[in-house]
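>>> Give me coordinates for this.
(2 chains)
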Amino acid sequence: MPRLTVDEMKKMREASKKEMSLREGDFRGKLIVHLGTCGIAAGAREIMDTFLDEFDKRAVTDIMFTSTGCAGLCSYEPMITVEIGNSPPVKYGKLTPEKAIKILDQHIIGGHLVKEFAIGMGSERVG
Amino acid sequence: MAKKKRIELMVCAGTGCVAGGAFQIMDELKKVLKKQGLHDEVSVVATGCNGFCGQGPLMVVLPDNIFYGWLTLDEIPHLVEEHFLKGRPVKKLMFKPPEEETPLPLLSDIPFFKKQMLVVLRNKGIINPEKISEYIARDGYIALEKVLFSMKPEEVVEEIVKSGLRGRGGAGFPTGRKWKLTRQQERTPKYLIANCDEGDPGAYMDRSVLESDPNSVIEGMTVAAYGIGSSQGFIYVRTEYPLAIQRMKTAISQAREHGLLGEDILRSGFDFDIEIREGSGAFVCGEESSLIRSIEGNIPEPRQRPPFPAESGLWGFPTLINNVETLANVPSIIARGAEWFSSIGTENSKGTKIFSLVGKINNTGLIEVPMGITLREVIYDIGGGIPGGKEFKAVQTGGPSGGCIPATMLDSPIDYESLTEAGSMMGSGGMIVMDEDTCVVDVSKFFIQFTNDESCGKCVSCREGSDALLEVLTRISAGNGREGDIEFLEELGQTVKDASMCGLGQTLPNPVLSTLRYFRDEYEAHIKEKRCPALVCKNLIQYYIDPDRCVGCLKCFKTCPVEAITGELKYVHIIDQEKCTKCGQCLEVCPPKVGAVKKVTGNEIAELEQLSKIVLCAERRKM
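Take a look at the predicted model:
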């Protein structure tokens, strides 16, 4: 490793920051893939891989990408939940990689709900 | 193309967790992740001390911020499958507050972390301490760049003066004033020493700083060196800290490779390099003049000051010597400004302080809190209170140089002045919590034993004084205390304080003097009534079996290692006090619902003695 100049150190900082973006905890929204047994059987892993690749391509670092178990609506799997800012969480179901990309561009990046794939908004009441 | 990472597992690899098997846990995690085909998406990162040592080995799952503690190798396959493959966090491994049912999944919800404020430890658990790039990513070396290219050395010193930063190693001397004094010296070379000779029992703040973020110390030292005009620094660290030394060595060599240490740092023309000097763990080496002599290769004995090291230190040259934690504060102060730093804390104590919270406390660990926080907040909110519903008795701060602070002072703020007023001191930040089962005479004896062992022997007052204090304390705890002992301890303690040359002697009577101040009645009970109220001092207690409660189950009979218990099935057991070694095992095995074995002291001994004689006669009559 050559000795750094100030500019080179800056470049190194930016590159490592990108590498470590998962650790910063500064997210504008959350994307949850439902990875229950039903989800996985219906192809949720493929959906997740699609998101991972497309996040990388579009350099999306401000969305927390995470997973959870079955949401209870197994016939609609694969499903995701999208939470942007303070708006209520939106569930999308029966996804394919193509639908996933559309949701990514229109809703997650663009901020507009993709009505045709959405199952519902909000979440169950916790009793 | 490799898949993008979606999860990072920040596994604590501080000394505590490593001792608990953190490295094996990491290997197992990697193995199972590979097996599940998740190794590209989920990465395993070794971090420095997370702080919640009582829960180790532990890890934090990012970005979700889920905290898992008490990990075992057997749990790993299940954890990987459930959480990382199927997305279901595992409740069983989450933190459960004492006496509560529901676990708290998120690190940010756990009270232990909530009230903390991280300045020095801002990177703990977030970076891999063995990768300089990760330190740089967290705005590391920005302060160094700032001073080298936009500040004059005197401006750097002035900034530290303005920040109000005070030494974190013990006495709390204003850091800026030390820097200024060293800067003003005309003689060269000037040296810079980072003091990491952390010797207080139960304290491990400095070790954690080196282990979790070594580059912050390197950067702080380089900024200081630029300010005072030094080109050679030393880190004095004890050999007993192998992990800290190894991480520091790695950090130094990476900093050199990247041109952040050595000649022409960041092509600015400024030269500075650091060497590690390992000490062999003599407590007195934490004292600056002894430490300097140790680096020089001499027997570590303190010398009379003035002249202070700033004027005549290492090999007689001007030397700045600062504690590791003090130096690790420097990058943030420079990067964010003195004004920001001085907005944290109290009027005379600025910034944050790291404490190691140990002893009779639910959440054992390492914490960083703003100055001015109350002891109550630290012990009850962060520490989670005393285990087993016991009463809080006192907290010992400042190690062997500090004192005990009683429950009545729980609401006093933690800052340099308040702790000194209370008869203790900030010290380096050890905090030992004691509950009602702790005997203050015993605690004082422990600390005086420690300082008596560690006294270098140069001053008569410290060498002989600690001997005499120990003798009297041993006598009191053995039940041979005499009228006048308390007054003697007070007078001698004060004399040792007044007549000793270095900090070790000047502070060693503090544990005795502070406990005499707050718990005089306990000393009196030991001396006058031959009673140890906390039931600790072996010579003053006896174990007895209550004949009304004993069901004759033979448990204690079988357990007693010296066969001091006589009895038969369904007959009352009796302890032969002549044979009893007071190991207490009978008390431990006696079933709680029976509760026949009792620990007694003072008058109760005579009363029970009488009673058991009667029982003995009755038993014999039966046979």
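>>> Any stretches of chain A with poor pLDDT?
Judged by pLDDT under 70, chain A has its weakly predicted residues at A:1, A:123-127.
>>> Enumerate the residues of chain A near chain B.
Proximity of chain A to chain B, by CB under 8 Å from any CB of the partner chain, involves residues A:1-6, A:9, A:12-13, A:15-17, A:19-20, A:22-23, A:25, A:27, A:32-37, A:40, A:48-49, A:52-53, A:55-56, A:64-69. Yep, even glycine has a C-beta here, placed from its N, CA and C like the rest.
>>> Just the buried ones out of those residues, please.
Applying a neighbour-count criterion of 16 or more other CB atoms under 10 Å in any protein chain shown, the buried members of the residues of chain A next to chain B are A:3-4, A:9, A:12-13, A:16-17, A:20, A:22-23, A:27, A:32-36, A:40, A:48-49, A:52, A:55, A:64-69.
>>> Those residues in helices, which ones?
A:9, A:12, A:13, A:16, A:17, A:40, A:48, A:49, A:52, A:55 (DSSP state H).
>>> need the contact list for the fifth one.
The contact partners of residue A:17, by CB atoms under 8 Å, 6 or more residues apart in numbering or on different chains, come to A:24, B:137.
>>> Repeat that for the last one.
Residues in contact with residue A:55 (CB under 8 Å, 6+ apart) are A:63, A:65, A:104, B:4.
>>> Any chance of TSV for those, columns distance to residue B:160?
Putting the contacts of residue A:55 into TSV (distance: CB to CB, whole Å) gives the following:
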residue	distance to residue B:160
A:63	40
A:65	42
A:104	49
B:4	42
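>>> where along chain A do the strands fall?
Taking DSSP state E, the strands of chain A run over residues A:29-34, A:63-68, A:80-84, A:90-92, A:118-121.
>>> Could you export the ones you listed as JSON lines, including distance to residue B:131?
As requested, the strands of chain A are exported to JSON lines (distance: least, CB to CB, whole Å):
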{"stretch": "strand A:29-34", "distance to residue B:131": "28"}
{"stretch": "strand A:63-68", "distance to residue B:131": "23"}
{"stretch": "strand A:80-84", "distance to residue B:131": "32"}
{"stretch": "strand A:90-92", "distance to residue B:131": "38"}
{"stretch": "strand A:118-121", "distance to residue B:131": "42"}
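>>> Please identify the helix or strand for residue B:525.
helix B:520-528 (DSSP states H and E).
>>> and that helix, what does it pack onto?
Counting contacts by 3 or more CB pairs under 8 Å, 6 or more residues apart in numbering or on different chains; DSSP states H and E, helix B:520-528 packs against helix B:440-454, helix B:460-477, helix B:485-499, helix B:510-518.
>>> buried stuff in the third one?
Going back to what we said before, that points to helix B:485-499. Across helix B:485-499, burial judged by 16+ other CB under 10 Å covers B:485, B:486, B:489, B:490, B:492, B:493, B:496, B:497.
>>> quick check: angle from that helix to helix B:440-454?
40 degrees (axes from the mean of the first three to the mean of the last three CA atoms, to 10 degrees).
>>> And the second one, by the same measure?
Orientation note: helix B:460-477 sits at an angle of 150 degrees relative to helix B:440-454 (the same axes, to 10 degrees).
>>> Can you dump the C-alpha atoms of helix B:460-477 in PDB for me?
Output in PDB follows, covering the C-alpha atoms of helix B:460-477 (Å, rounded to 0.1, in the frame of the first residue of the first chain):
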ATOM      1  CA  VAL B 460       9.300   4.700  54.400                       C
ATOM      2  CA  SER B 461       5.800   6.100  54.900                       C
ATOM      3  CA  CYS B 462       4.300   4.000  52.100                       C
ATOM      4  CA  ARG B 463       6.400   0.900  52.600                       C
ATOM      5  CA  GLU B 464       6.100   0.700  56.400                       C
ATOM      6  CA  GLY B 465       2.800   2.500  56.600                       C
ATOM      7  CA  SER B 466       1.000   0.100  54.400                       C
ATOM      8  CA  ASP B 467       2.500  -2.800  56.400                       C
ATOM      9  CA  ALA B 468       1.200  -1.300  59.600                       C
ATOM     10  CA  LEU B 469      -2.200  -0.600  58.100                       C
ATOM     11  CA  LEU B 470      -2.500  -4.100  56.900                       C
ATOM     12  CA  GLU B 471      -1.400  -5.500  60.200                       C
ATOM     13  CA  VAL B 472      -4.100  -3.600  62.100                       C
ATOM     14  CA  LEU B 473      -6.800  -4.400  59.500                       C
ATOM     15  CA  THR B 474      -5.900  -8.100  59.600                       C
ATOM     16  CA  ARG B 475      -6.100  -8.000  63.300                       C
ATOM     17  CA  ILE B 476      -9.500  -6.400  63.300                       C
ATOM     18  CA  SER B 477     -11.000  -8.800  60.800                       C
END
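>>> I'd assumed residue B:46 was in contact with residue B:30.
No. Contact criterion CB atoms under 8 Å: residue B:30 and residue B:46 do not qualify, at 11.0 Å.
>>> Residue B:184 and residue A:63, how far apart?
Remark: distance between residue B:184 and residue A:63 (CB to CB, to the nearest Å) = 54 Å.
>>> which bits of chain B sit near chain A?
Applying CB under 8 Å from any CB, one finds that chain B approaches chain A through B:1, B:3-8, B:10, B:41, B:62-65, B:85-88, B:126-127, B:133-134, B:136-139, B:141, B:145, B:149, B:257-260, B:264, B:266-267.
>>> Among these, name the buried ones.
Buried subset of the residues of chain B next to chain A (neighbour count, 16+ other CB under 10 Å): B:3-8, B:10, B:41, B:62-65, B:85-88, B:126-127, B:133-134, B:136-139, B:141, B:145, B:258-260, B:266.
>>> From these, which land in helices?
The helices, defined by DSSP H, take in B:133, B:134, B:136, B:137, B:145 from these.
>>> Just send those residues back as a markdown table, with pLDDT too.
Shown next, in a markdown table, are these (pLDDT from 0 to 100):
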| residue | pLDDT |
| --- | --- |
| B:133 | 95 |
| B:134 | 95 |
| B:136 | 96 |
| B:137 | 94 |
| B:145 | 97 |
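>>> any chance of those in JSON lines, plus distance to residue B:595?
Compiled in JSON lines, these are given as follows (distance: CB to CB, whole Å):
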{"residue": "B:133", "distance to residue B:595": "60"}
{"residue": "B:134", "distance to residue B:595": "55"}
{"residue": "B:136", "distance to residue B:595": "61"}
{"residue": "B:137", "distance to residue B:595": "59"}
{"residue": "B:145", "distance to residue B:595": "67"}
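>>> that older thread, quick one: which of the residues of chain B next to chain A sit in strands?
The strands, defined by DSSP E, take in B:7, B:8, B:10, B:62 from the residues of chain B next to chain A.
>>> Of those residues, just say which sits nearest to residue B:284.
residue B:10 (37.8 Å; CB to CB).
>>> Let me know the pLDDT of the closest residue to residue B:348 other than its chain neighbours.
Excluding the flanking residues, the one nearest residue B:348 by CB to CB, 6 or more residues apart in numbering or on different chains is residue B:417, at 5.9 Å. At residue B:417, the pLDDT value in this model is 92.
>>> Quick check: the gap between residue B:417 and residue A:106.
The gap separating residue B:417 from residue A:106 is 60 Å, by CB to CB.
>>> the more surrounded of residue B:30 and residue B:46?
Neighbour totals were compared for residue B:30 and residue B:46, and residue B:46 leads with 19 against 16 (other CB atoms under 10 Å in any protein chain shown).
>>> right, and the strands of chain A - which one's nearest residue B:523?
strand A:63-68 (58.2 Å).
>>> and the closest one, how far out from the chain's middle?
Centroid separation between strand A:63-68 and its chain, computed with CA atoms, centre = their mean, to the nearest Å, is 5 Å.
>>> Return the list of helices and strands in contact with it.
With contacts defined as 3+ CB pairs under 8 Å, 6+ apart, the packing partners of strand A:63-68 are strand A:29-34, helix A:44-57.
>>> Could you dump these into JSON lines with distance to residue B:302 added?
Below are the helices and strands packed on strand A:63-68 laid out as JSON lines (distance: least, CB to CB, whole Å):
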{"stretch": "strand A:29-34", "distance to residue B:302": "58"}
{"stretch": "helix A:44-57", "distance to residue B:302": "60"}
